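In: what's the 3D shape of this:
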Amino acid sequence: MSDVAVSVIIPVYNAAEFLDECLESVVRQTIGFEHVEVVAVDDGSTDGSGALLDAWAERYPENIRVVHQENSGAPGGPRNRGIDLARGTFLFFADPDDHLGEDALRRMVEVAERNDSDVVLGRVRGVGRGAPAEPYAANVERGDVWSVKGVHTLTPHKLFRRSLVTEHGLRFAEGARLAEEQPFILPAYLKARCISVVADYDCYYLVDREGFAHLTKQQPPAEAFFAPVRAGLRSVIELTEPGERRNELIERIARIQILAKFGPRFHHRSAERQESYARIAAEVLHECVPPEAVASLPRLIRVRDRLLREGGRLSELLSLSRHDGLSWTELEPGRDAVEWLDGGRSLAVRVRSPYYLDGGVADVRHSLVLRHPDGFEWQVPAARATAVGGPMTAQVVLDLSSLHQYALLPGKWELLLRAATGDGKRHEFPLSLPEPGGRRRRRVSLHRGRPMVVWLSHRSRKARAVLVAADWRTVARRALRRPRR
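Out: Model (predicted):
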(Lines give C-alpha, C1' and ligand atoms only; values in the text may rest on other atoms or scores of the structure.)
Protein backbone atom coordinates (compact mmCIF):
# COMPACT_ATOMS: atom_id res chain seq x y z
CA MET A 1 0.00 0.00 0.00
CA SER A 2 1.41 3.41 -0.96
CA ASP A 3 0.51 7.01 -0.12
CA VAL A 4 -0.74 6.30 3.40
CA ALA A 5 -1.99 9.57 4.84
CA VAL A 6 -3.12 8.27 8.22
CA SER A 7 -2.36 5.21 10.30
CA VAL A 8 -5.20 4.57 12.75
CA ILE A 9 -3.76 2.68 15.71
CA ILE A 10 -6.23 0.69 17.82
CA PRO A 11 -5.27 -1.29 20.95
CA VAL A 12 -7.84 -4.05 21.37
CA TYR A 13 -8.70 -6.10 24.42
CA ASN A 14 -12.04 -7.93 24.71
CA ALA A 15 -14.00 -5.45 22.62
CA ALA A 16 -15.66 -7.79 20.12
CA GLU A 17 -19.09 -6.29 20.77
CA PHE A 18 -17.99 -2.83 19.60
CA LEU A 19 -15.24 -3.48 17.04
CA ASP A 20 -17.46 -3.53 13.97
CA GLU A 21 -18.80 -0.04 14.66
CA CYS A 22 -15.30 1.30 15.28
CA LEU A 23 -13.78 -0.23 12.15
CA GLU A 24 -16.76 0.68 9.96
CA SER A 25 -16.28 4.32 10.98
CA VAL A 26 -12.68 4.14 9.73
CA VAL A 27 -13.58 2.40 6.48
CA ARG A 28 -16.21 5.07 5.72
CA GLN A 29 -13.81 8.01 6.05
CA THR A 30 -14.33 10.60 3.33
CA ILE A 31 -10.58 11.02 2.91
CA GLY A 32 -10.78 7.68 1.10
CA PHE A 33 -9.94 4.38 2.75
CA GLU A 34 -7.19 3.90 0.16
CA HIS A 35 -5.30 6.63 2.04
CA VAL A 36 -5.81 5.02 5.45
CA GLU A 37 -4.31 2.02 7.19
CA VAL A 38 -5.49 0.41 10.40
CA VAL A 39 -2.92 -1.08 12.75
CA ALA A 40 -4.86 -3.12 15.30
CA VAL A 41 -2.95 -4.74 18.16
CA ASP A 42 -4.87 -7.56 19.83
CA ASP A 43 -3.65 -7.51 23.43
CA GLY A 44 -4.45 -11.11 24.31
CA SER A 45 -8.23 -10.89 23.95
CA THR A 46 -10.29 -13.86 25.12
CA ASP A 47 -13.71 -12.90 23.71
CA GLY A 48 -13.11 -13.50 20.00
CA SER A 49 -11.81 -10.00 19.26
CA GLY A 50 -8.68 -11.46 17.66
CA ALA A 51 -10.65 -13.62 15.23
CA LEU A 52 -12.90 -10.69 14.37
CA LEU A 53 -9.87 -8.53 13.60
CA ASP A 54 -8.44 -11.27 11.40
CA ALA A 55 -11.70 -11.38 9.45
CA TRP A 56 -11.51 -7.63 8.85
CA ALA A 57 -7.89 -7.95 7.74
CA GLU A 58 -8.85 -10.69 5.30
CA ARG A 59 -11.56 -8.44 3.92
CA TYR A 60 -9.20 -5.45 3.56
CA PRO A 61 -5.71 -6.97 3.25
CA GLU A 62 -4.15 -3.77 1.87
CA ASN A 63 -5.51 -1.53 4.60
CA ILE A 64 -5.81 -3.47 7.84
CA ARG A 65 -2.94 -5.10 9.67
CA VAL A 66 -3.47 -7.13 12.82
CA VAL A 67 -0.87 -8.08 15.40
CA HIS A 68 -1.57 -10.56 18.19
CA GLN A 69 0.37 -10.50 21.45
CA GLU A 70 0.19 -11.70 25.03
CA ASN A 71 -1.88 -9.52 27.30
CA SER A 72 0.08 -6.55 28.62
CA GLY A 73 -2.63 -5.30 30.95
CA ALA A 74 -2.81 -1.76 29.57
CA PRO A 75 -3.14 0.06 26.22
CA GLY A 76 0.25 1.79 26.30
CA GLY A 77 2.26 -1.18 25.05
CA PRO A 78 -0.10 -1.98 22.15
CA ARG A 79 -0.09 1.68 21.09
CA ASN A 80 3.72 1.72 21.09
CA ARG A 81 3.79 -1.39 18.94
CA GLY A 82 1.35 0.27 16.56
CA ILE A 83 3.67 3.28 16.31
CA ASP A 84 6.55 0.99 15.34
CA LEU A 85 4.48 -0.61 12.56
CA ALA A 86 2.74 2.50 11.22
CA ARG A 87 3.55 3.86 7.74
CA GLY A 88 1.27 6.88 7.55
CA THR A 89 2.31 10.50 7.44
CA PHE A 90 0.03 11.00 10.43
CA LEU A 91 -1.02 8.82 13.35
CA PHE A 92 -4.47 8.74 14.93
CA PHE A 93 -5.13 6.78 18.11
CA ALA A 94 -8.60 5.31 18.57
CA ASP A 95 -10.08 2.99 21.18
CA PRO A 96 -12.11 -0.04 20.04
CA ASP A 97 -15.31 0.97 21.84
CA ASP A 98 -15.40 4.45 20.28
CA HIS A 99 -15.83 5.62 16.67
CA LEU A 100 -14.96 8.48 14.32
CA GLY A 101 -17.11 10.96 12.45
CA GLU A 102 -17.03 10.16 8.72
CA ASP A 103 -15.28 13.40 7.74
CA ALA A 104 -12.88 13.45 10.69
CA LEU A 105 -9.61 12.37 9.09
CA ARG A 106 -10.08 14.53 5.98
CA ARG A 107 -10.68 17.66 8.04
CA MET A 108 -7.79 17.03 10.40
CA VAL A 109 -5.31 16.13 7.66
CA GLU A 110 -6.27 19.19 5.61
CA VAL A 111 -5.70 21.60 8.49
CA ALA A 112 -2.41 19.86 9.34
CA GLU A 113 -1.13 20.11 5.77
CA ARG A 114 -2.28 23.72 5.44
CA ASN A 115 -0.40 24.82 8.57
CA ASP A 116 2.40 22.24 8.89
CA SER A 117 0.73 21.22 12.14
CA ASP A 118 2.31 18.48 14.21
CA VAL A 119 -0.80 17.92 16.36
CA VAL A 120 -4.48 18.38 15.50
CA LEU A 121 -7.26 18.28 18.06
CA GLY A 122 -10.57 17.19 16.53
CA ARG A 123 -13.72 17.91 18.53
CA VAL A 124 -14.71 15.06 20.82
CA ARG A 125 -18.37 14.27 21.46
CA GLY A 126 -19.23 12.39 24.65
CA VAL A 127 -21.94 9.75 24.30
CA GLY A 128 -23.27 8.91 27.75
CA ARG A 129 -20.17 10.40 29.33
CA GLY A 130 -18.41 13.73 29.61
CA ALA A 131 -16.00 15.15 27.05
CA PRO A 132 -13.68 18.17 27.21
CA ALA A 133 -15.20 21.41 25.95
CA GLU A 134 -12.62 24.16 26.51
CA PRO A 135 -10.24 23.23 23.65
CA TYR A 136 -13.08 23.13 21.12
CA ALA A 137 -14.57 26.59 21.56
CA ALA A 138 -13.38 27.66 18.09
CA ASN A 139 -11.33 26.46 15.12
CA VAL A 140 -7.61 27.20 15.48
CA GLU A 141 -5.28 27.18 12.49
CA ARG A 142 -1.99 27.82 14.29
CA GLY A 143 -1.67 27.59 18.05
CA ASP A 144 0.31 26.09 20.91
CA VAL A 145 -0.52 24.13 24.05
CA TRP A 146 -1.51 27.33 25.88
CA SER A 147 -3.64 29.00 23.22
CA VAL A 148 -5.59 25.82 22.41
CA LYS A 149 -5.94 24.83 26.11
CA GLY A 150 -4.39 21.50 25.23
CA VAL A 151 -3.78 20.55 28.84
CA HIS A 152 -7.57 20.24 29.21
CA THR A 153 -7.52 17.21 26.91
CA LEU A 154 -4.78 14.68 27.59
CA THR A 155 -6.40 11.67 25.93
CA PRO A 156 -4.63 10.29 22.82
CA HIS A 157 -7.59 10.60 20.43
CA LYS A 158 -5.88 13.14 18.19
CA LEU A 159 -3.89 13.41 14.97
CA PHE A 160 -0.08 13.44 15.32
CA ARG A 161 2.53 13.89 12.63
CA ARG A 162 4.51 10.65 12.67
CA SER A 163 7.84 12.43 12.18
CA LEU A 164 7.24 14.33 15.44
CA VAL A 165 6.70 11.05 17.26
CA THR A 166 9.69 9.23 15.79
CA GLU A 167 12.11 12.17 15.90
CA HIS A 168 11.58 12.71 19.63
CA GLY A 169 11.04 9.07 20.56
CA LEU A 170 7.61 9.71 22.06
CA ARG A 171 6.16 6.66 23.78
CA PHE A 172 3.21 5.76 25.96
CA ALA A 173 3.87 4.43 29.45
CA GLU A 174 3.63 0.64 29.39
CA GLY A 175 1.85 -1.33 32.07
CA ALA A 176 0.11 1.79 33.39
CA ARG A 177 -3.66 1.33 33.49
CA LEU A 178 -4.42 5.04 33.76
CA ALA A 179 -2.64 8.26 32.71
CA GLU A 180 -0.43 6.19 30.37
CA GLU A 181 -0.82 8.83 27.67
CA GLN A 182 0.74 11.71 29.61
CA PRO A 183 4.42 10.89 28.90
CA PHE A 184 3.39 10.93 25.22
CA ILE A 185 0.86 13.76 24.97
CA LEU A 186 2.60 16.44 27.01
CA PRO A 187 5.97 16.28 25.19
CA ALA A 188 4.09 16.13 21.88
CA TYR A 189 2.25 19.34 22.75
CA LEU A 190 5.42 21.11 23.87
CA LYS A 191 7.62 19.96 20.97
CA ALA A 192 5.01 20.60 18.25
CA ARG A 193 5.77 23.41 15.80
CA CYS A 194 2.07 24.09 15.51
CA ILE A 195 -1.14 22.75 17.07
CA SER A 196 -4.46 23.11 15.23
CA VAL A 197 -8.06 22.57 16.35
CA VAL A 198 -11.08 21.35 14.36
CA ALA A 199 -13.95 22.60 16.50
CA ASP A 200 -16.83 22.73 14.00
CA TYR A 201 -17.22 18.98 13.47
CA ASP A 202 -17.57 15.97 15.78
CA CYS A 203 -14.43 14.08 14.87
CA TYR A 204 -14.43 11.47 17.64
CA TYR A 205 -17.23 9.88 19.65
CA LEU A 206 -16.20 8.92 23.18
CA VAL A 207 -18.74 6.28 24.19
CA ASP A 208 -19.73 5.02 27.63
CA ARG A 209 -20.47 1.34 27.10
CA GLU A 210 -22.63 -0.38 29.68
CA GLY A 211 -20.68 -3.26 31.18
CA PHE A 212 -17.46 -2.53 29.28
CA ALA A 213 -14.43 -2.57 31.59
CA HIS A 214 -13.16 0.96 30.99
CA LEU A 215 -9.77 1.44 32.61
CA THR A 216 -10.89 4.96 33.50
CA LYS A 217 -13.42 3.43 35.90
CA GLN A 218 -10.80 1.45 37.78
CA GLN A 219 -8.26 2.46 40.39
CA PRO A 220 -4.78 0.99 39.86
CA PRO A 221 -2.11 0.76 42.56
CA ALA A 222 -0.69 4.14 43.50
CA GLU A 223 2.77 3.41 42.10
CA ALA A 224 1.36 2.41 38.71
CA PHE A 225 -0.93 5.42 38.50
CA PHE A 226 1.43 8.18 39.61
CA ALA A 227 4.47 7.01 37.61
CA PRO A 228 3.17 8.36 34.25
CA VAL A 229 1.75 11.46 35.97
CA ARG A 230 5.20 12.16 37.40
CA ALA A 231 6.77 11.56 33.98
CA GLY A 232 4.35 14.00 32.36
CA LEU A 233 5.08 16.68 34.93
CA ARG A 234 8.81 16.17 34.51
CA SER A 235 8.46 16.73 30.77
CA VAL A 236 6.64 20.01 31.43
CA ILE A 237 9.45 21.13 33.76
CA GLU A 238 12.11 20.05 31.27
CA LEU A 239 10.53 21.72 28.23
CA THR A 240 9.32 25.03 29.71
CA GLU A 241 10.84 27.98 31.51
CA PRO A 242 9.88 28.73 35.13
CA GLY A 243 7.01 31.15 35.47
CA GLU A 244 3.29 31.60 34.89
CA ARG A 245 3.11 29.64 31.63
CA ARG A 246 4.72 26.58 33.20
CA ASN A 247 2.55 26.90 36.30
CA GLU A 248 -0.58 27.08 34.14
CA LEU A 249 0.15 23.61 32.80
CA ILE A 250 1.24 22.21 36.14
CA GLU A 251 -1.87 23.54 37.91
CA ARG A 252 -4.23 21.69 35.59
CA ILE A 253 -2.31 18.41 35.82
CA ALA A 254 -1.96 18.66 39.60
CA ARG A 255 -5.65 19.42 40.03
CA ILE A 256 -7.04 16.66 37.82
CA GLN A 257 -4.41 13.94 38.10
CA ILE A 258 -3.33 14.34 41.73
CA LEU A 259 -5.61 16.40 43.96
CA ALA A 260 -8.86 15.13 42.43
CA LYS A 261 -7.96 11.61 43.59
CA PHE A 262 -8.69 12.73 47.16
CA GLY A 263 -12.25 13.89 46.52
CA PRO A 264 -15.58 12.34 47.56
CA ARG A 265 -14.62 8.77 46.59
CA PHE A 266 -11.32 8.69 48.46
CA HIS A 267 -12.77 7.63 51.83
CA HIS A 268 -14.40 4.60 50.14
CA ARG A 269 -11.02 3.17 49.09
CA SER A 270 -9.23 0.44 51.01
CA ALA A 271 -6.92 1.50 53.84
CA GLU A 272 -3.92 0.35 51.80
CA ARG A 273 -4.99 2.42 48.79
CA GLN A 274 -5.63 5.45 50.97
CA GLU A 275 -2.18 5.30 52.55
CA SER A 276 -0.26 4.61 49.34
CA TYR A 277 -2.09 7.25 47.30
CA ALA A 278 -1.50 9.91 49.96
CA ARG A 279 2.16 9.01 50.37
CA ILE A 280 3.07 8.93 46.68
CA ALA A 281 0.94 11.96 45.80
CA ALA A 282 2.86 13.91 48.44
CA GLU A 283 6.13 12.85 46.83
CA VAL A 284 5.00 14.00 43.38
CA LEU A 285 3.73 17.33 44.73
CA HIS A 286 7.01 18.06 46.50
CA GLU A 287 9.07 17.05 43.46
CA CYS A 288 7.09 18.52 40.58
CA VAL A 289 4.45 21.00 41.77
CA PRO A 290 5.61 24.32 43.27
CA PRO A 291 3.11 25.71 45.80
CA GLU A 292 2.58 28.87 43.73
CA ALA A 293 1.30 26.73 40.84
CA VAL A 294 -1.79 25.73 42.84
CA ALA A 295 -2.26 28.94 44.82
CA SER A 296 -5.30 30.05 42.78
CA LEU A 297 -7.26 26.79 43.08
CA PRO A 298 -10.54 26.75 45.07
CA ARG A 299 -10.12 26.66 48.81
CA LEU A 300 -11.10 23.04 49.40
CA ILE A 301 -8.62 21.83 46.80
CA ARG A 302 -5.88 23.97 48.31
CA VAL A 303 -6.60 22.32 51.66
CA ARG A 304 -6.08 18.89 50.07
CA ASP A 305 -2.78 20.11 48.66
CA ARG A 306 -1.63 21.40 52.07
CA LEU A 307 -2.61 18.21 53.90
CA LEU A 308 -0.69 16.10 51.41
CA ARG A 309 2.41 18.28 51.56
CA GLU A 310 2.35 18.20 55.36
CA GLY A 311 3.05 14.50 55.50
CA GLY A 312 -0.14 13.14 54.00
CA ARG A 313 -2.34 13.75 57.06
CA LEU A 314 -4.59 10.82 56.30
CA SER A 315 -7.27 11.24 58.95
CA GLU A 316 -7.87 14.84 57.90
CA LEU A 317 -7.83 13.91 54.21
CA LEU A 318 -10.53 11.33 54.92
CA SER A 319 -12.62 13.87 56.83
CA LEU A 320 -12.28 16.32 53.96
CA SER A 321 -13.26 13.61 51.48
CA ARG A 322 -16.48 12.95 53.40
CA HIS A 323 -17.18 16.68 53.53
CA ASP A 324 -16.55 17.03 49.79
CA GLY A 325 -19.04 14.29 49.05
CA LEU A 326 -21.70 16.04 51.09
CA SER A 327 -21.04 19.51 49.73
CA TRP A 328 -21.37 18.29 46.15
CA THR A 329 -24.70 16.55 46.58
CA GLU A 330 -26.18 17.32 49.99
CA LEU A 331 -29.36 19.37 50.10
CA GLU A 332 -29.80 22.62 51.93
CA PRO A 333 -30.66 21.65 55.55
CA GLY A 334 -34.34 21.89 56.35
CA ARG A 335 -35.42 22.55 52.75
CA ASP A 336 -37.01 20.36 50.13
CA ALA A 337 -34.59 19.44 47.36
CA VAL A 338 -37.07 18.88 44.56
CA GLU A 339 -40.67 19.94 44.09
CA TRP A 340 -43.19 20.11 41.29
CA LEU A 341 -44.57 23.55 40.44
CA ASP A 342 -47.51 24.83 38.38
CA GLY A 343 -49.41 21.58 38.56
CA GLY A 344 -46.50 19.51 37.34
CA ARG A 345 -45.47 21.66 34.39
CA SER A 346 -42.22 22.71 36.10
CA LEU A 347 -39.69 21.04 38.36
CA ALA A 348 -37.69 23.05 40.93
CA VAL A 349 -34.32 21.62 41.90
CA ARG A 350 -32.31 23.08 44.78
CA VAL A 351 -28.67 22.03 45.02
CA ARG A 352 -25.53 22.99 46.91
CA SER A 353 -22.39 24.00 45.06
CA PRO A 354 -18.90 22.83 46.05
CA TYR A 355 -17.85 26.49 45.91
CA TYR A 356 -17.81 28.80 48.89
CA LEU A 357 -18.31 32.55 48.69
CA ASP A 358 -14.88 33.74 49.76
CA GLY A 359 -12.10 35.83 48.29
CA GLY A 360 -10.99 33.00 46.03
CA VAL A 361 -14.21 32.80 44.03
CA ALA A 362 -15.65 36.20 43.21
CA ASP A 363 -18.01 35.20 40.41
CA VAL A 364 -19.57 31.76 40.02
CA ARG A 365 -22.47 31.08 37.65
CA HIS A 366 -24.41 27.87 38.10
CA SER A 367 -26.52 25.92 35.65
CA LEU A 368 -28.35 22.63 35.77
CA VAL A 369 -27.36 20.43 32.83
CA LEU A 370 -29.49 17.58 31.51
CA ARG A 371 -27.38 15.26 29.35
CA HIS A 372 -28.91 12.58 27.12
CA PRO A 373 -26.97 9.34 26.39
CA ASP A 374 -26.84 10.42 22.73
CA GLY A 375 -24.75 13.44 23.73
CA PHE A 376 -27.49 16.09 23.57
CA GLU A 377 -27.52 18.65 26.38
CA TRP A 378 -30.08 21.00 27.81
CA GLN A 379 -28.66 23.74 30.08
CA VAL A 380 -30.80 25.83 32.41
CA PRO A 381 -29.21 28.80 34.23
CA ALA A 382 -29.77 28.93 37.98
CA ALA A 383 -31.03 31.86 39.94
CA ARG A 384 -28.24 33.83 41.60
CA ALA A 385 -26.50 31.61 44.15
CA THR A 386 -26.57 32.48 47.83
CA ALA A 387 -24.60 31.29 50.84
CA VAL A 388 -25.27 31.27 54.56
CA GLY A 389 -22.10 30.23 56.37
CA GLY A 390 -21.21 27.50 53.93
CA PRO A 391 -21.43 26.30 50.33
CA MET A 392 -23.46 28.33 47.87
CA THR A 393 -27.02 27.20 47.26
CA ALA A 394 -28.43 27.41 43.74
CA GLN A 395 -32.04 26.90 42.63
CA VAL A 396 -33.06 25.94 39.11
CA VAL A 397 -36.60 25.77 37.75
CA LEU A 398 -37.11 23.48 34.75
CA ASP A 399 -40.13 24.67 32.76
CA LEU A 400 -40.82 21.40 30.98
CA SER A 401 -43.98 22.65 29.29
CA SER A 402 -42.08 25.29 27.32
CA LEU A 403 -39.81 22.81 25.57
CA HIS A 404 -40.00 22.04 21.90
CA GLN A 405 -40.57 18.39 21.10
CA TYR A 406 -36.99 17.78 20.03
CA ALA A 407 -35.55 19.29 23.22
CA LEU A 408 -36.68 16.47 25.51
CA LEU A 409 -35.90 13.21 23.76
CA PRO A 410 -37.26 10.03 25.35
CA GLY A 411 -34.71 8.41 27.62
CA LYS A 412 -32.75 9.01 30.80
CA TRP A 413 -31.26 12.48 31.13
CA GLU A 414 -28.42 12.68 33.66
CA LEU A 415 -28.54 15.70 35.97
CA LEU A 416 -25.32 17.67 36.51
CA LEU A 417 -24.46 20.91 38.25
CA ARG A 418 -22.24 23.09 36.05
CA ALA A 419 -20.28 25.88 37.73
CA ALA A 420 -18.50 28.49 35.61
CA THR A 421 -16.05 30.64 37.55
CA GLY A 422 -15.00 34.19 36.81
CA ASP A 423 -11.60 33.07 35.53
CA GLY A 424 -13.22 31.28 32.59
CA LYS A 425 -13.02 27.75 33.99
CA ARG A 426 -15.97 25.37 33.93
CA HIS A 427 -16.59 22.38 36.18
CA GLU A 428 -19.34 19.75 36.35
CA PHE A 429 -20.54 17.76 39.34
CA PRO A 430 -23.01 14.83 39.26
CA LEU A 431 -26.09 15.19 41.45
CA SER A 432 -27.67 12.65 43.74
CA LEU A 433 -31.15 13.84 44.69
CA PRO A 434 -34.18 12.25 46.34
CA GLU A 435 -37.35 11.97 44.33
CA PRO A 436 -39.82 14.85 44.69
CA GLY A 437 -42.74 14.46 47.00
CA GLY A 438 -46.23 13.68 45.78
CA ARG A 439 -47.03 11.71 42.67
CA ARG A 440 -43.95 10.11 41.15
CA ARG A 441 -44.86 10.63 37.49
CA ARG A 442 -46.04 13.79 35.81
CA ARG A 443 -47.71 14.13 32.44
CA VAL A 444 -46.39 17.20 30.64
CA SER A 445 -47.75 18.70 27.41
CA LEU A 446 -44.71 19.97 25.56
CA HIS A 447 -44.93 23.13 23.45
CA ARG A 448 -45.42 22.09 19.80
CA GLY A 449 -45.02 18.47 20.84
CA ARG A 450 -47.01 15.51 22.04
CA PRO A 451 -47.58 14.80 25.74
CA MET A 452 -44.73 13.18 27.66
CA VAL A 453 -44.52 11.44 31.02
CA VAL A 454 -41.61 12.75 33.09
CA TRP A 455 -40.27 11.57 36.44
CA LEU A 456 -37.14 11.75 38.55
CA SER A 457 -35.20 8.55 39.18
CA HIS A 458 -31.68 7.29 39.83
CA ARG A 459 -29.09 5.41 37.80
CA SER A 460 -28.45 2.43 40.02
CA ARG A 461 -25.04 1.81 38.49
CA LYS A 462 -23.72 5.26 39.40
CA ALA A 463 -26.25 6.37 42.04
CA ARG A 464 -26.82 9.57 40.08
CA ALA A 465 -30.02 11.48 39.54
CA VAL A 466 -31.69 11.22 36.15
CA LEU A 467 -34.79 12.77 34.63
CA VAL A 468 -36.71 10.12 32.70
CA ALA A 469 -38.90 11.15 29.75
CA ALA A 470 -41.21 8.77 27.89
CA ASP A 471 -44.07 9.03 25.43
CA TRP A 472 -47.26 8.79 27.50
CA ARG A 473 -48.80 6.21 25.17
CA THR A 474 -45.78 3.93 25.69
CA VAL A 475 -46.18 4.19 29.46
CA ALA A 476 -49.90 3.50 29.20
CA ARG A 477 -49.41 0.40 27.04
CA ARG A 478 -46.87 -1.00 29.50
CA ALA A 479 -49.26 -0.37 32.38
CA LEU A 480 -52.06 -2.21 30.58
CA ARG A 481 -49.79 -5.19 29.92
CA ARG A 482 -48.74 -5.40 33.58
CA PRO A 483 -50.38 -8.47 35.20
CA ARG A 484 -53.05 -7.74 37.81
CA ARG A 485 -52.55 -9.07 41.34
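
In: just so I have it, where are all the helices in this protein?
Out: 16-27, 49-59, 76-85, 104-115, 162-167, 182-191, 222-239, 244-253, 271-288, 299-309, 314-329, 472-481 (DSSP state H).

In: Least confident of these, on average?
Out: The minimum mean pLDDT among those belongs to helix 472-481 (a mean of 52).

In: what's the nearest residue to L307 if we skip its chain neighbours?
Out: Once flanking residues are discounted, L307 sits nearest to R313: 4.6 Å by Cβ to Cβ, 6 or more residues apart in numbering. (Each C-beta comes from the backbone N, C-alpha and C, glycine too.)

In: returning to what we had before: quickly compare the helices of the chain and say which is most buried.
Out: Neighbour counts (mean count of other Cβ atoms under 10 Å) averaged over each of the helices of the chain peak at helix 182-191, with a mean of 24.

In: which outside residues touch it?
Out: 118-119, 144-145, 150-151, 154-156, 158, 160, 164-165, 168, 170-173, 195, 228-229, 231-232, 235-236, 239-240, 249, 253, 257 (Cβ atoms under 8 Å, 6 or more residues apart in numbering).

In: Flag the shaky bits of the stretch 351-485 of the chain, pLDDT-wise.
Out: Residues of the stretch 351-485 of the chain meeting the criterion pLDDT under 70: 351-364, 383-395, 400-409, 421-425, 432-485.

In: The residue lying closest to I9 once chain neighbours are set aside: what's it in contact with?
Out: Excluding its sequence neighbours, the residue lying closest to I9 (Cβ to Cβ, 6+ apart) is G82, at 3.4 Å. Going by Cβ under 8 Å, 6+ apart, G82 touches 7, 9-11, 39-41, 67, 93.

In: Please tabulate those in a markdown table, including the columns distance to G77.
Out: Below are those laid out as a markdown table (distance: Cβ to Cβ, whole Å):
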| residue | distance to G77 |
| --- | --- |
| S7 | 17 |
| I9 | 12 |
| I10 | 13 |
| P11 | 8 |
| V39 | 14 |
| A40 | 14 |
| V41 | 8 |
| V67 | 11 |
| F93 | 13 |
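
In: Of those residues, which is the nearest to E24?
Out: I10 (12.7 Å; Cβ to Cβ).

In: related to what we said a few turns ago, between the contacts of G82, which sits nearest A112?
Out: The closest of the contacts of G82, once distances to A112 are taken by Cβ to Cβ, is S7, at 13.8 Å.

In: per-residue confidence at that closest one?
Out: 98.

In: what's across from it in the sheet?
Out: E37, L91 (DSSP bridges).

In: and it, how far is that from R309?
Out: To R309, S7 is 43 Å away according to Cβ to Cβ, to the nearest Å.

In: and the closest residue to P381 other than its chain neighbours, what does it touch?
Out: Among residues not flanking P381 along the chain, S367 sits closest, at 5.1 Å (Cβ to Cβ, 6+ apart). Neighbour list for S367: 379-382, 396, 417-418, 420 [criterion: Cβ under 8 Å, 6+ apart].

In: again, only using 7 Å
Out: Neighbour list for S367: 379-382, 418 [criterion: Cβ atoms under 7 Å, 6 or more residues apart in numbering].

In: with these in mind, which one is nearest to R177?
Out: R177 lies nearest to R418 out of the contacts of S367, by Cβ to Cβ, at 29.2 Å.

In: Roughly how far does that closest one sit from C203?
Out: With Cβ to Cβ as the criterion, R418 and C203 are 23 Å apart.

In: Of these two, which one has the most company?
Out: More crowded of R418 and C203, by other Cβ atoms under 10 Å: C203, with 25 against 18.

In: Now that one: closest residue in space that isn't a chain neighbour?
Out: Closest residue in space to C203, ignoring its immediate chain neighbours: G122 at 2.8 Å, by Cβ to Cβ, 6+ apart.
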